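In: sequence and predicted model, in that order:
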Amino acid sequence: MNCAECQVLIHALIDGELDAGHASDVEAHVATCPGCAGEFEAFRAMRDALAGAGLREAAPARLRARIEAALPAPPARAAGRLASSLAPRFASWRTFLGGLTLGTALSAAVAATLVVAVIRNDPEQRIADEVVSAHVRSLQAGHLTDVLTSDQHTVKPWFNGKLDVAPPVVDLTAQGFTLIGGRLDYIDSEAAASIVYRRRNHVINLFVARHSGAEHGGPRSETVHGFNVRRWTQEGLDFWAVSDINAEELDEFGQKFMAALQPPSGRS
Amino acid sequence: MAGDETDERDRARRFRDAALPHLDDVFTLARYLMRNAADAEDAVQECYLRALRHFDSYRGPAMKPWLLAILRNVCNAEFARRAAQPAPSAPDADAPPAEATPQWQEPQRSPEAELLRRQDRATIRRLVAALPQPFREAVVLRDINDLSYREIAEVAGVPVGTVMSRLGRARSMLRAAWNVEVGSTT
């Protein structure tokens, strides 16, 4: 590592953005180079001063009230406040004060529901990240499938004894999604099945695990690190379809799969 | 009909729960981008209204950067609108700092580090606010809004590498101004 590189990476080191290998490279350089050590010290001192100065500002209560007033009314409140959404900045003292008290009451309600929201959503987000990581790994490691076959009657029994669930395997070739095999993977520290499909040149990993959590969500789609993820719950199982095909096609895949699982009509 | 209303309320409730906790962060960025409190408040309100309109298409991953990206668009749109009219000079974003930080100086944990540490809030605020736009934004998003490099890249719509270099430049400028401030020109 030379000083020029170090000058760039010093900031990432201070911010904890470097992976372990690069971090130790930069640290080793700083330890032996007085010039870079001085830079490191100075920037770190500055960062600490910035962090310690309390620069994050609290939004004025007035602003909070304005925004809450502009949102559609929650169940507890009378409707008809929408009109005030575009009210001028300082409408009147009366609305200002009224907004203030409302704001306080509402914040308490928001705080109460927030705890639930945070607890519920955090694992979900983490799992979505994990599912995408597993998808990426499957593409990189040359380990896309443990059992390579387009025959659903081969893939399904292959999972027997490897998992505590029997993942349904559906042949969707006729619908444009070719079954190419199955793989054992891990999601959220649990063994999970991945059923692998191909759409043109794109791989779709369909992860299947025993349903966890209380929520019975309908299909939901999101984008994580540029990959589309569609998740749903069906027949006591959680499904995550991950791919780089576009969201519409992935939705189509999900719908076709769900339809094929529905007994007994519609099976091809 | 009643069902629609319930849906709408449910949607609004989900939006509140997800978006309102970030109000302080959104407001803070707005204060640094708009430079004036009243404009900042207007921008924040517009940001929340837009966010609500687009909440259905929100796909994650994180709410805070999403809101900050919307806020940034609102502010840029406002600047564009003003630029259409004659306006007081906008700082040239990519002009290099007149005086880059001296690269080499006293090696040890310098008195400079000590001085950098001892700056009061108002001064730091003023120095950050005086940075030219993309650099100011980078510092605020990183050191005040506490976003990761990747999130900053999303918000600013630039690659992570650009975030790193902007942050490096921003901190060098800030440090130079900071040293001028304490009169310890190094």
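Out: Arrived safely, thanks for sending.
In: after the helix or strand bottoming out on mean pLDDT in chain B comes which helix or strand?
Out: Counting by mean pLDDT, DSSP states H and E, the weakest-scoring helix or strand in chain B turns out to be helix B:111-117, with a mean of 66. For helix B:111-117, the following helix or strand on the C-terminal side (DSSP states H and E) is helix B:121-129.
In: buried stuff in that next one?
Out: Along helix B:121-129, these residues count as buried under the neighbour rule (16 or more other Cβ atoms under 10 Å in any protein chain shown): B:124-125, B:127-128. Backbone N, C-alpha and C define where each C-beta goes, glycine included.
In: stretch B:30-48 too?
Out: For stretch B:30-48, the neighbour count (16+ other Cβ under 10 Å) marks B:30-34, B:39-48 as buried.
In: helix, strand or coil for residue 26?
Out: If you meant another chain, say so; for now it's chain A. Recorded secondary structure, A:V26: helix (DSSP: H, G, I helix; E, B strand; the rest coil).
In: okay, it and chain B: tell me how far apart.
Out: Note on A:V26: its distance to chain B, by Cβ to the nearest Cβ, to the nearest Å, is 13 Å.
In: what about that residue, neighbour count?
Out: Neighbours of A:V26 under the rule other Cβ atoms under 10 Å in any protein chain shown: 22.
In: do I have it right that it meets A:Q7?
Out: No - using Cβ atoms under 8 Å, A:V26 is not in contact with A:Q7, being 10.2 Å away.
In: which among the buried residues of stretch B:30-48 are in contact with chain A?
Out: When contact is defined as Cβ under 8 Å from any Cβ of the partner chain, these meet chain A at B:31, B:41-42, B:44-45, B:48.
In: which of those residues fall in helices?
Out: Residues of those located in helices (DSSP state H): B:31, B:41-42, B:44-45, B:48.
In: dump those residues into JSON lines; add pLDDT as well.
Out: Formatted as JSON lines, these follow (pLDDT from 0 to 100):
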{"residue": "B:R31", "pLDDT": "94"}
{"residue": "B:E41", "pLDDT": "94"}
{"residue": "B:D42", "pLDDT": "93"}
{"residue": "B:V44", "pLDDT": "95"}
{"residue": "B:Q45", "pLDDT": "94"}
{"residue": "B:Y48", "pLDDT": "94"}
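In: between those residues, which is nearest A:P219?
Out: Ranked by distance to A:P219 (Cβ to Cβ), these are led by B:Y48 at 27.9 Å.
In: which two of the buried residues of helix B:121-129 have the greatest separation?
Out: Using Cβ to Cβ, the buried residues of helix B:121-129 reach their maximum pairwise distance at B:R125 and B:L127, which is 7.4 Å.
In: what is the burial count for residue 134?
Out: Defaulting to chain A. Look at A:A134: counted by other Cβ under 10 Å, it has 19 neighbours.
In: meant chain B actually
Out: 16.
In: next: A:F207.
Out: A:F207: 26 surrounding residues under other Cβ under 10 Å.
In: helix or strand for the nearest residue to it once chain neighbours are set aside, which one?
Out: In space, and not counting its chain neighbours, A:F207 is closest to A:W240: 4.5 Å by Cβ to Cβ, 6 or more residues apart in numbering or on different chains. For A:W240, the element it lies in under DSSP H and E is strand A:237-243.
In: against which helices or strands is that strand packed?
Out: Packed against strand A:237-243 by the contact rule (3 or more Cβ pairs under 8 Å, 6 or more residues apart in numbering or on different chains; DSSP states H and E) you find helix A:93-140, strand A:202-210, strand A:227-234, helix A:247-261.
In: quick one: contacts of it?
Out: The contact list for strand A:237-243 (Cβ atoms under 8 Å, 6 or more residues apart in numbering or on different chains) reads A:127-128, A:131-132, A:134-135, A:165, A:167-168, A:187, A:199, A:202-212, A:227-233, A:249-250, A:253-254, A:257.
In: pull up the pairing partners for it, direction included.
Out: Applying DSSP bridges, strand A:237-243 is found paired with strand A:202-210 (antiparallel), strand A:227-234 (antiparallel).
In: Throw those strands into JSON lines and include mean pLDDT, thanks.
Out: As requested, the strands paired with strand A:237-243 are exported to JSON lines (pLDDT from 0 to 100):
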{"stretch": "strand A:202-210", "mean pLDDT": "90"}
{"stretch": "strand A:227-234", "mean pLDDT": "89"}
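In: next, format the ones you listed as TSV and append distance to B:R175.
Out: Shown next, in TSV, are the strands paired with strand A:237-243 (distance: least, Cβ to Cβ, whole Å):
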stretch	distance to B:R175
strand A:202-210	47
strand A:227-234	39
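In: now do the SS call for A:R56.
Out: Taken by three-state DSSP, the conformation at A:R56 corresponds to coil.
In: let me know the pLDDT of it.
Out: pLDDT recorded at A:R56 is 88.
In: wait, what's in contact with B:Y149?
Out: B:Y149 sits in contact with A:12, A:15, A:17, B:142, B:160, B:163-164, B:167, where contact means Cβ under 8 Å, 6+ apart.
In: and the residue in chain A that chain B sits nearest to, how far from A:F40?
Out: Per Cβ to the nearest Cβ, the residue of chain A with the smallest distance to chain B is A:P34, at 3.1 Å. Noted for A:P34: a distance of 10 Å to A:F40, by Cβ to Cβ, to the nearest Å.
In: of those two, who's got more company?
Out: Neighbours per residue, other Cβ under 10 Å: of A:P34 and A:F40, the larger number sits with A:F40, 24 against 14.
In: how close does the more buried one sit to A:R47?
Out: The value you get for A:F40 to A:R47, if Cβ to Cβ is used, is 11 Å.
In: mutual contacts of the two, please.
Out: A:I14.
In: for ChimeraX, what selects the buried ones among the contacts of strand A:237-243?
Out: To isolate the buried members of these in ChimeraX, using 16+ other Cβ under 10 Å:
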select /A:127,128,131,132,134,135,165,167,168,187,199,203,204,205,206,207,208,209,227,228,229,230,231,232,233,249,250,253,254,257
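In: show me where pLDDT drops low in chain B?
Out: In the predicted model of chain B, residues B:1-4, B:60-61, B:86-119, B:184-186 satisfy pLDDT under 70.
In: residue closest to the middle of it?
Out: In chain B, the centroid-proximal residue (Cα atoms, centre = their mean) is B:E137; its distance is 3.7 Å.
In: which ones are touching that one?
Out: Contacts for B:E137 (Cβ under 8 Å, 6+ apart) come out as B:29, B:32-33, B:72, B:156.
In: I'm done for today, thanks for sticking with me.
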